[in-house]
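**Q** Need coordinates for the below:
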Amino acid sequence: MVSEPSPGIPQYLSMGYVDGIPFERYDSDRGRTEPQTPWMAAGAEPGYWDRETQINERNWLIATTDLETARGLYNWSGGLHTVQRVCGCDLLSDGSVRGSFRQGYDGQDFISFELGSGSFVAADGAAQITKRKWEHDGIVAERQTHYLKNVCPEWLRKYVGYGREALERKDPPDVHMSGKEEHGILTLSC
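**A** A predicted model of the protein is given here:
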């Protein structure tokens, strides 16, 4: 999420990855979640893209609120600011799940969630306010725990199933890089 979108940079962007491969994308300019791989385009069940679009629209509203909260916590008066959230899970070979949630502002750590202890770790004094609020109400920790232990692994298994052939391919990919400049912004494509 950025406070000041510009040409080529949407206000809100969400990407889904499996093993470092982007498989879906939502941005506020397009207003729709779209597949980024052939296996995801072919594999998703009916209604998947509508449901993902609705989830991303809700997450965009949450990110908007988070950015406004940060504006108050850090006394920002204006200018370009960002909120970044990274959330995901790993399916380990022993069948267990490792999950993580981290949130940052302007490229700096703000708060993270420790799945094992069910607690939040604040990166600075401003984040302590959010930590106390989230730990007091208990709902955010409960939601993160449920998502990281149940929802994320369930969907990750589904995505791996859709892309099993491509994800387990042993041949190195053939990579080509190109770039174009538009409105003073260099966009690289791979």
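**Q** Which neighbouring elements make contact with the helix or strand where Leu61 lies?
**A** Using DSSP states H and E, Leu61 sits in helix 48-73. In terms of contacts (3 or more C-beta pairs under 8 Å, 6 or more residues apart in numbering; DSSP states H and E), helix 48-73 is packed against strand 13-18, strand 21-27, strand 83-91, strand 97-105, helix 125-137. Just so you know, the C-beta spots here come from the backbone N, C-alpha and C atoms, and that holds for glycine as well.
**Q** I'd like the average pLDDT over the first one.
**A** When you say that, I think you mean strand 13-18. Confidence over strand 13-18 (mean pLDDT, whole number) is 97.
**Q** Does anything pack onto it? Which helices or strands?
**A** strand 21-27, helix 48-73, helix 152-167.
**Q** Turn these into JSON lines, columns for mean pLDDT.
**A** Conversion of these to JSON lines gives the following (pLDDT from 0 to 100):
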{"stretch": "strand 21-27", "mean pLDDT": "97"}
{"stretch": "helix 48-73", "mean pLDDT": "95"}
{"stretch": "helix 152-167", "mean pLDDT": "94"}
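**Q** will you turn the ones you listed into JSON lines that also has mean neighbour count?
**A** Putting these into JSON lines (neighbours: other C-beta atoms under 10 Å) gives the following:
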{"stretch": "strand 21-27", "mean neighbour count": "19"}
{"stretch": "helix 48-73", "mean neighbour count": "16"}
{"stretch": "helix 152-167", "mean neighbour count": "15"}
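**Q** that older thread, let me have the helices and strands packed on helix 48-73 in a markdown table, adding distance to Arg164 as columns.
**A** What follows is these, written out as a markdown table (distance: least, C-beta to C-beta, whole Å):
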| stretch | distance to Arg164 |
| --- | --- |
| strand 13-18 | 10 |
| strand 21-27 | 13 |
| strand 83-91 | 13 |
| strand 97-105 | 19 |
| helix 125-137 | 37 |
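**Q** Could you say which one of the ones you listed comes nearest to His146?
**A** Nearest to His146, of all these, is strand 97-105, at 10.3 Å by C-beta to C-beta.
**Q** what packs against that closest one?
**A** Strand 97-105 packs on helix 48-73, strand 83-91, strand 108-114, helix 152-167, going by 3+ C-beta pairs under 8 Å, 6+ apart.
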